[in-house]
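# Could you look at this predicted model? Sequence included:
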Amino acid sequence: MRRLSHRLILIFLAVPMMSSMAFGLDVELATNSLSGAQEHDHEHDHADEGAGLAWLGKLHPLVVHFPIALLLAAGLAELILALGGQKWAWLQGSARFSVLLGGIGALVAAPLGWLAATGAEYGSDLEGTLWWHRVLGTATAASAVALLIASERLARSLQPDPARSFFRALLFATCILIPLTGHLGATLVFGPAFLF
Ligand code: HEM
């Protein structure tokens, strides 16, 4: 399980990195820090570290789409299972898989969000939006990780009923947090009037 998680984290980091390069996002900072490595003095090394971290923050908008889609899909699968009866039994297991990937995705996305927010300036009208996005984004990631643990415990539980109720309550709460967090994040990128 631990080995599988390590591999999944690597995939989650590698996929957005490769795709951002393929789409021609600004990799100048990263290449600069590689090409000029020999000439660097100590002070410049620190400047490059900061630039590298700032560049990593640019991956936040790419990575967030994984936990958003996967956790909402898990919520839908559990809702159908709860309401739909035996004919939907084939959905069993899909929530566990989606929560595993979505939880790891949220765990990667939130620190990248903190990096994206460091030093970012969105203007005074978006200060409150950034504050709420930061709070709700951190809460969403914490809830997604708790969900991942609850999901794995449920899979191993000898008394699945109470464990399943807890898992579903946490999953549905996370599914409420996700669109709120996502909407605030999109407001930061596209402006307050982007939707209506
Ligand atoms: C799992 C939790 C989170 C989710 C689902 C999420 C979701 C989003 C979404 C959907 C966007 C808009 C991306 C786009 O449309 O291109 C966004 C942007 C942003 N998020 Fe998050 N976010 C999360 C956590 C955080 C955290 C903890 C922070 C820390 C402050 C943060 C900071 C930002 C910033 C600064 C932007 C704007 C990026 C830019 O201007 O390019 N996010 N987020």
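That came through, no problem.
# Residues contacting stretch 117-132, please?
Outside of stretch 117-132, the residues that reach it under the criterion Cβ atoms under 8 Å, 6 or more residues apart in numbering are L53, A54, G57, R134, L184, T187, L188, P192. Glycine gets a C-beta too; all of them are placed from N, C-alpha and C.
# What mean pLDDT does that stretch get?
For stretch 117-132, mean pLDDT rounds to 92.
# That stretch: end-to-end distance?
From its first residue to its last, stretch 117-132 covers 12 Å (Cα to Cα, to the nearest Å).
# quick one: is it near the ligand?
Yes - applying Cβ under 6 Å from any ligand atom, one finds stretch 117-132 touching the ligand at A117, A120.
# rewinding a little: just the buried ones from the contacts of stretch 117-132?
Neighbour-count burial within the contacts of stretch 117-132 applies to G57, R134, L184, T187, L188; the criterion is 16 or more other Cβ atoms under 10 Å.
# Give me the subset of those residues that lies in helices.
G57, R134, L184, T187, L188 (DSSP state H).
# want to throw the residues you listed into a markdown table with distance to V108?
Conversion of these to a markdown table gives the following (distance: Cβ to Cβ, whole Å):
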| residue | distance to V108 |
| --- | --- |
| G57 | 12 |
| R134 | 16 |
| L184 | 19 |
| T187 | 22 |
| L188 | 19 |
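# For this protein, what lies in contact range of the ligand?
The chain comes close to the ligand at residues 60-61, 64, 67-68, 106, 109-110, 113-114, 116-117, 120, 133-134, 137-138, 140-141, 178, 181-182, 185-186, 188-189, as judged by Cβ under 6 Å from any ligand atom.
# PyMOL command to pick out the buried ones of the residues you listed?
Once 16+ other Cβ under 10 Å is used to decide burial, the buried members of those can be selected in PyMOL as follows:
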select buried, resi 60+61+64+67+68+106+109+110+113+116+117+133+134+137+140+141+178+181+182+185+188
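# where does this structure have low pLDDT?
In the predicted model of the chain, residues 1-49 satisfy pLDDT under 70.
# For I176, I want the exact helix or strand it lies within.
helix 160-190 (DSSP states H and E).
# how about that helix: buried residues?
In helix 160-190, residues buried by neighbour count (16+ other Cβ under 10 Å) are 163-164, 167-168, 170-171, 173-175, 177-178, 181-182, 184-185, 187-188.
# Quick check: the farthest pair among the ones in helices among the buried ones among the contacts of stretch 117-132?
Of all pairs drawn from those, the greatest distance, 17.5 Å, lies between G57 and T187 (Cβ to Cβ).
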